[in-house]
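Participant: Compute the structure for the input listed below.
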Amino acid sequence: TSLVKVFVSYSHNDRKYLRPNSLMGALEGLRAEGVEFWTDQAVATGNKWDEEIRRRIAESDIALVLVSQADLDSSYCQNTEIRSFLMEVEKRGLIIFPIMLSRCEYERHDWLNSRQFIPSDNKNIEEHYGRAERRGPLFHEIRRDLRIQIENIRQSRTLSSG
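Facilitator: As a prediction, this is how the structure comes out:
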């Protein structure tokens, strides 16, 4: 199986979702299936973080975007990361995979307004999946949907190489 690279975009206000007992913990098992998750927490001390982030975006197959108002209000997230994601979508088919963490003005952002996100039906994790027992099934659904995109990427690689 070929390595699939996932760039995780988030506001630092939402760092709790990267913890082992949260969303990223629920996706961790995909690593064993050849999926690499990358966050800016992996930028080594002394490295130029902006350069490294841009390079990682250019190498990624999927942009996992953890959406909140803090994320949408972050000029770096919007003007650098999202703008780069959209260029990569056009250039080589990067997949933007938005996850709605909390209520926000997503309608004001065309890149988000035009995409299917999870949870659907105008729901978000904080308001509609507040308790751990409600999050389990949602995190399972996110993992399943992400795996579908990962398999699509692998299939298209097989088709283009064969």
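
Participant: Would you map the helices across this protein?
Facilitator: For the chain, the helices defined by DSSP state H cover 23-27, 49-59, 69-73, 75, 83-92, 110-113, 125-128, 132-161.

Participant: out of the ones you listed, which comes closest to Val43?
Facilitator: Nearest of the helices of the chain to Val43, taken as Cβ to Cβ: helix 49-59 at 4.6 Å. From N, CA and C alone the C-beta is placed, and that goes for glycine too.

Participant: Of all the residues in the closest one, which ones are buried?
Facilitator: For helix 49-59, the neighbour count (16 or more other Cβ atoms under 10 Å) marks Ile53, Arg56, Ile57 as buried.

Participant: Check stretch 107-117 too.
Facilitator: His109, Trp111, Leu112, Phe117.

Participant: From Ala132, how far out is the second one?
Facilitator: Spelled out, it's Trp111. 31 Å (Cβ to Cβ, to the nearest Å).

Participant: So for this structure, the centremost residue is which one?
Facilitator: Leu64 (0.7 Å; Cα atoms, centre = their mean).

Participant: which residues touch that one?
Facilitator: Val6, Phe7, Val8, Ser9, Phe37, Phe97, Ile99, Leu146 (Cβ atoms under 8 Å, 6 or more residues apart in numbering).

Participant: confidence score at it?
Facilitator: pLDDT, Leu64: 98.

Participant: can you give me the end-to-end distance of stretch 19-35?
Facilitator: 17 Å (Cα to Cα, to the nearest Å).

Participant: which outside residues touch that stretch?
Facilitator: By Cβ under 8 Å, 6+ apart, stretch 19-35 touches 1-4, 6, 8, 16-18, 37, 66, 99, 125, 136, 139-140, 142-143, 146-147, 150.

Participant: And the buried ones among the residues you listed, selectable in ChimeraX?
Facilitator: Paste this into ChimeraX to select the buried members of these, with burial taken from 16+ other Cβ under 10 Å:
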select :4,6,8,17,18,37,66,99,125,139,142,143,146,147,150
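
Participant: count of neighbours near Arg157?
Facilitator: Residues near Arg157, counting by other Cβ atoms under 10 Å, number 13.

Participant: ok, now Ser102?
Facilitator: 16.

Participant: Tell me what the residue lying closest to Glu141 once chain neighbours are set aside is bridged to.
Facilitator: In space, and not counting its chain neighbours, Glu141 is closest to Ile118: 6.7 Å by Cβ to Cβ, 6 or more residues apart in numbering. Following DSSP bridges, Ile118 is listed with bridge partners Ile99.
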